[in-house]
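[1] Pasting a predicted model and its sequence here:
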Amino acid sequence: MTESASAHKSTLGALTLGALGVVYGDIGTSPLYAFREALAQTAAGGIDRSEVIGVLSLALWALIVVVTLKYVLFLTRADNNGEGGVLSLMALASRATKGKWIVVLLFGATGAALFYGDAIITPALSVLSAVEGLRTVPSLAHLMTLPVILGTTIGILFGLFAIQSRGTASIARFFGPVCVLWFLVLAVLGFWHILQAPEVLAAFNPYEAVAFMIGHGVSGLFVLGAVFLTVTGAEALIADMGHFGRKPIQLGWFAMVWPSLTLNYLGQGALALATMKASEAAGKPFENADWFFLMAPETMRAPLVILATVATIIASQAVITGAYSLSQQAIALGLLPRLTIRQTSADQIGQIYMPVVNWLVLAGVLVLVLAFKNSSDMAAAYGIAVTGTMVVTTWLAFIIAWKLWGWNPLWTAVLFVPFMALDMVFFGANILRVVEGGWVPLLVAAIMGVIITTWMRGRSAALQRTTEQGVAMTDLASALAARPPTIVEGVAVFLTQNPEITPSALLHNLKHNKALHRLNVLLAVTTEQRPHVPLAERLTMEPIDERFTRASLHYGYMDRTDVPSDLARSPSLLTGRGGTSFFVGRNAIRRAANPALPRWMTVLFTFLHRNAADPTAYFAIPPNRVVELGTQIEL
């Protein structure tokens with residue numbers, strides 16, 4: 001083996017190990033509750049052998065079709081220069097349609113809004129379900145009252161969110177090995193019980209799933225909605241693709257995650273069948289139970305609960321990090337106002353912390369835990385957020401394949417219709433559980449949708465008003481060339497959204513200071529529909545005359561914004577005496593006599609605008625170089 005081949009295998013192995021900890025943490029903890037909840041939907045009229053096999057068959061084929069075929073083998077190929085996730089798909093589809101299809105933006109915003117519902121449910125459900133496992137430990141069962149379980153869960157969650165500001169780079173290296181141990185335990189427990197009831201292998205026959213659905217009618221749809229819990233977390237396969245790459249994600253799934261999940265679900269079904277036989281022999285009714293923890297011998301349950309809790313913390317960490325990354329992308333793409341973003345690692349640009357997102361997500365998580373009080377009630381809330389996101393990603397992938405890859409629309413539809421039909425069936429099955437708790441992610445998504453819509457419409461209206469009331473930059477430059485004011489040394493950089501119009505900060509500077517800098521740069525910072533823009537391509541310049549220059553800095557939605565450093569790459573722009581000053585306009589929103597927005601939307605946009613992060617910090621501009629000048633915009 002050559003040295004380069006050995007290094008490649010080593011890198012592939014390290015990335016695969018990392019992917020097991022980050023990408024598969026969520027779906028890897030689904031066995032804690034998925035089979036139990038799916039079987040519970042059939043319990044009203046009693047549970048028999050065919051129902052156990054049918055539920056298992058639905059679960060196994062959901063893993064095969066939804067995760068393996070759709071996500072692992074197909075959607076991992078729909079990447080935006082290596083980056084995945086719903087906003088990356090939106091950016092790719094927007095580029096393919098030249099930004100003319102409003103439905104693409106609608107899909108992207110909907111997917112982003114639904115993700116926040118997922119982000120508050122995943123930590124609450126996974127950690128609570130792990131802590132509930134303490135009830136299966138005989139020596140602790142009498143101590144595990146509801147207040148103790150809720151208190152323990154809240155303590156773990158609060159600690160998890162409290163350490164986010166310190167960064168997770170130091171502990172993330174342990175995620176992969178812990179998850180390897182977790183998946184091995186899942187596989188061993190499952191295999192052990194399969195040996196005791198091998199008839200459970202009949203679940204691999206798809207006829208069992210079809211027969212179950214045909215025989216159960218509407219109640220079968222409720223079961224299907226619960227079965228979907230087995231594939232929650234599949235969306236993380238493409239969301240984290242930029243961190244690990246396609247091959248490590250695919251290798252992790254086929255080599256460890258898929259076999260372990262399959263064995264564990266079969267093992268839970270085998271234990272249920274064995275328990276059913278024992279109950280029938282004893283003349284007792286068969287009752288649904290916490291099958292995952294019961295698979296372990298009594299002496300091993302406490303260690304299993306500890307391992308499960310650690311695994312759920314890892315799964316929660318992945319979702320929290322995903323919320324930061326999604327928010328960062330949404331801000332860069334103009335879907336959300338600027339928020340404070342802190343780098344927590346000097347080596348990894350993806351290691352960020354967003355205080356507002358962190359504490360809002362924690363608040364939502366704690367409300368869910370205290371409102372639902374147990375994982376069974378909370379499970380009903382989980383599926384809608386994930387199925388909605390999956391519907392969105394399928395539609396965006398269809399647009400990409402058709403418009404960007406140039407596939408024949410007919411054959412593209414033939415390929416995508418089965419995926420879309422399956423997504424819609426799962427979504428419909430979960431919609432039936434709205435009253436049980438499915439309203440939670442819909443409410444969160446609706447709130448985020450209103451915020452996104454308000455911010456985008458408000459920004460557009462503000463820019464339009466500024467353009468209508470502004471002075472053309474070329475006209476001002478000509479007037480100042482004819483009657484020049486006092487010229488002072490130095491470079492003035494005016495941040496603006498539209499470099500064709502004179503920035504209000506420039507007009508205020510001329511009005512109050514009666515002076516003009518030697519060189520004045522009208523700088524627009526734009527985000528492109530790709531994850532990264534090479535350093536050499538970021539800065540473009542267009543001279544107006546000897547005093548004025550238009551400049552544009554182009555960033556990808558995954559790039560870190562650093563305006564001074566990128567401007568300094570131009571050898572002559574920021575040189576000379578007098579230094580460089582950055583002028584920023586502080587806009588105050590006022591309601592116009594002829595309003596551009598509904599009153600409630602203006603109020604909300606004003607609130608968002610006022611509480612947006614300081615632009616100088618967002619653009620990495622040193623505070624001692626900034627001059628802020630206020631102005632008013634009537635909307």
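    In hand now; what should we look at?
[2] C-alpha only now, for contacts and for neighbours.
    Will do.
[3] Which parts of this protein belong to which domain?
    Here the domain parsing of the chain from automatic domain parsing is 21-432, 465-634.
[4] pLDDT averaged over the first one, what's the number?
    Across domain 21-432, the average pLDDT comes to 85.
[5] Off-centre distance for that domain?
    Its chain's C-alpha centre and that of domain 21-432 lie 13 Å apart, by Cα atoms, centre = their mean, to the nearest Å.
[6] do the same with the shortest one
    Domain 465-634 sits 31 Å away from the centroid of its parent chain (Cα atoms, centre = their mean).
[7] Tell me which helix or strand residue 273 sits in.
    Assigned by DSSP states H and E, residue 273 belongs to helix 258-282.
[8] what comes up buried for that helix?
    By 16 or more other Cα atoms under 10 Å, the buried positions in helix 258-282 come out as 258, 260-273, 275-276.
[9] hang on, the earlier thing: so of the domains of the chain, which one's packed in deepest?
    With neighbours taken as mean count of other Cα atoms under 10 Å, these reach their highest mean count in domain 21-432, at a mean of 20.
[10] can you tell me which residues contact residue 252?
    Residue 252 makes contacts with 16-17, 19-20, as judged by Cα atoms under 8 Å, 6 or more residues apart in numbering.
[11] Which stretches in this structure count as strands?
    Taking DSSP state E, the strands of the chain run over residues 342-343, 352-353, 486-495, 515-528, 539-543, 548-556, 580-590, 626-634.
[12] quick one: which of those strands is nearest residue 39?
    Judged by Cα to Cα, the one of the strands of the chain that comes nearest to residue 39 is strand 352-353, at 39.3 Å.
[13] ok, the closest one: who's next to it in the sheet?
    Using DSSP bridges, strand 352-353 pairs in its sheet with strand 342-343 (antiparallel).
[14] ok, residue 506 - contacts?
    Residue 506 neighbours (Cα under 8 Å, 6+ apart): 494, 583.
[15] before we move on, back to that, of all the domains of the chain, which one is nearest residue 445?
    domain 21-432 (4.5 Å).
[16] re the thing from before, so which elements touch the helix holding residue 273?
    helix 49-62, helix 175-196, helix 291-294 (3 or more Cα pairs under 8 Å, 6 or more residues apart in numbering; DSSP states H and E).
[17] and the shortest one, C-alpha only, in CSV?
    C-alpha atoms of helix 291-294 as CSV (Å, rounded to 0.1, in the frame of the first residue of the first chain):
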residue,chain,number,x,y,z
TRP,A,291,-38.6,-2.8,25.2
PHE,A,292,-35.2,-1.2,24.6
PHE,A,293,-34.1,-1.2,28.2
LEU,A,294,-35.8,-4.5,28.9
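[18] What lies in contact with it?
    Residues contacting helix 291-294 (Cα under 8 Å, 6+ apart): 31-33, 35-36, 133, 136, 268, 271-272, 301, 304-305.
[19] of the contacts of residue 252, closest to residue 599?
    Looking across the contacts of residue 252 and measuring by Cα to Cα, the closest to residue 599 is residue 19, at 46.9 Å.
[20] How many neighbouring residues does the closest one have?
    27 (other Cα atoms under 10 Å).
[21] That one and residue 560: what is the separation?
    Distance, residue 19 to residue 560, by Cα to Cα, to the nearest Å: 23 Å.
[22] what does residue 320 give?
    20 Å.
[23] residues making contact with stretch 85-102?
    For stretch 85-102, the external contacting residues (Cα under 8 Å, 6+ apart) are 78-80, 104-105, 107-109, 111-112, 235-236, 238-241, 326, 329-330, 389, 392-393, 396-397, 399-400, 403-404, 529-531.
[24] Let me see the contact set for residue 107.
    Neighbouring residues of residue 107 by Cα under 8 Å, 6+ apart: 90, 392, 396.
[25] so the last one makes contact with residue 104?
    Yes. Shown here, residue 396 and residue 104 form a contact pair, counting by Cα atoms under 8 Å, at 7.1 Å.
[26] So residue 551 is in contact with residue 521, correct?
    Yes. Between residue 551 and residue 521 there is a contact at 6.6 Å, judged by Cα under 8 Å.
[27] correct me, but residue 196 touches residue 268?
    No. The criterion here is Cα under 8 Å, and residue 196 misses it with residue 268 at 11.3 Å.
[28] quick one: which of the strands of the chain is nearest residue 335?
    strand 515-528 (11.6 Å).
[29] What mean pLDDT does the closest one get?
    The model assigns strand 515-528 a mean pLDDT of 88.
[30] That strand - contacts with which helices or strands?
    strand 486-495, helix 504-513, strand 548-556.
[31] Would you give the sheet partners of the last one, along with the direction of each?
    The one in question is strand 548-556. According to DSSP bridges, strand 548-556 forms sheet pairs with strand 515-528 (parallel), strand 539-543 (antiparallel).
[32] among the contacts of stretch 85-102, which are in helices?
    With helices taken from DSSP state H, the overlap with the contacts of stretch 85-102 comprises 104-105, 107-109, 111-112, 236, 238-239, 241, 326, 329-330, 389, 392-393, 396-397, 399.
[33] quick one: the helices in the stretch 301-450 of the chain?
    355-372, 375-379, 382-399, 409-431, 439-469 (DSSP state H, counting those that start in this stretch).
[34] Any chance of JSON lines for those helices, columns distance to residue 42?
    Below are the helices of the stretch 301-450 of the chain laid out as JSON lines (distance: least, Cα to Cα, whole Å):
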{"stretch": "helix 355-372", "distance to residue 42": "21"}
{"stretch": "helix 375-379", "distance to residue 42": "14"}
{"stretch": "helix 382-399", "distance to residue 42": "18"}
{"stretch": "helix 409-431", "distance to residue 42": "14"}
{"stretch": "helix 439-469", "distance to residue 42": "22"}
